[in-house]
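> let me see the structure of the following:
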Amino acid sequence: MQKVKKWLKNSKWIASLADESVKAKFECEIERREYEVSNYVNSRVVIPPALMVGVYRIIGQNPDNPDSCYIGNVEIFYDSKEWKATWNISGFTHRGYGMLVDSKTLVFNYSYQDDEGDTRMGLVAYTFLSKTIVKGEWLEDGFPEKGI
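You can find the predicted model right below:
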C-alpha cells in the first residue's frame, strides 16, 4: 500500500505544477487516481501480459526542471511477439519497443524528435502496482536524473 500512496502523492504534486490552461485535465486525472487508490486491494501483483495491453493516461515531471509537468497518453501493445509503445505527450510522439522483465514490469527503449529536430532516446520502466495502477520511471540522454 505504501508504493500506491507514494504514487498518488507524486501524482498530486506533479498536478499542482500544472498551468491554468491544463489544470482541469490534471484535476480529472487525479480524481481517477484517487478512485483507483480507494479501491486498491493489497495483494501479490501478477499481471497477465494480455492485461498490460491498452491505453494509459500519464502525468509526469522532467528531471531538468522541478517545476515542469506534462500530461498525455501511452498505448502499450504486443505485436508479432514484440512489445511496443506509442506516447503522445505535449505534441510529441515517442515510439518504443520493449520487453516484459517479470510478471509486473515492462521496460521500453524509446526515441522521438524534439522541437529542434534532434533525435532523443531513453528508457522507461513501467511497474504494475495493480491491474489499474502503473508507476513509470524513465531515463533520457541529456537528463542527469530519472523522471517520473
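> count of residues packed around residue 26?
Residue 26 has 21 neighbours, counted by other Cβ atoms under 10 Å. From N, CA and C alone the C-beta is placed, and that goes for glycine too.
> elements contacting the one helix or strand it maps to?
Per DSSP states H and E: residue 26 is located in helix 23-38. For helix 23-38, the packing partners by 3 or more Cβ pairs under 8 Å, 6 or more residues apart in numbering; DSSP states H and E come out as helix 2-16, strand 54-60, strand 70-79.
> flag every buried residue along that helix.
Buried residues in helix 23-38, defined by neighbour count with 16 or more other Cβ atoms under 10 Å: 26, 29, 30, 33, 36, 37.
> for it, the averaged confidence score.
With pLDDT averaged residue by residue, helix 23-38 scores 94.
> what does it contact?
Taking contacts as Cβ atoms under 8 Å, 6 or more residues apart in numbering, the residues outside helix 23-38 that touch it are 4-5, 7-8, 11-12, 14-15, 18, 57, 59, 69, 71, 130, 132-133.
> quick one on the thing from earlier: can I get the buried residues of helix 23-38 in JSON lines including distance to residue 103?
Listed next are the buried residues of helix 23-38 as JSON lines, based on distance: Cβ to Cβ, whole Å:
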{"residue": "26", "distance to residue 103": "31"}
{"residue": "29", "distance to residue 103": "26"}
{"residue": "30", "distance to residue 103": "28"}
{"residue": "33", "distance to residue 103": "23"}
{"residue": "36", "distance to residue 103": "20"}
{"residue": "37", "distance to residue 103": "22"}
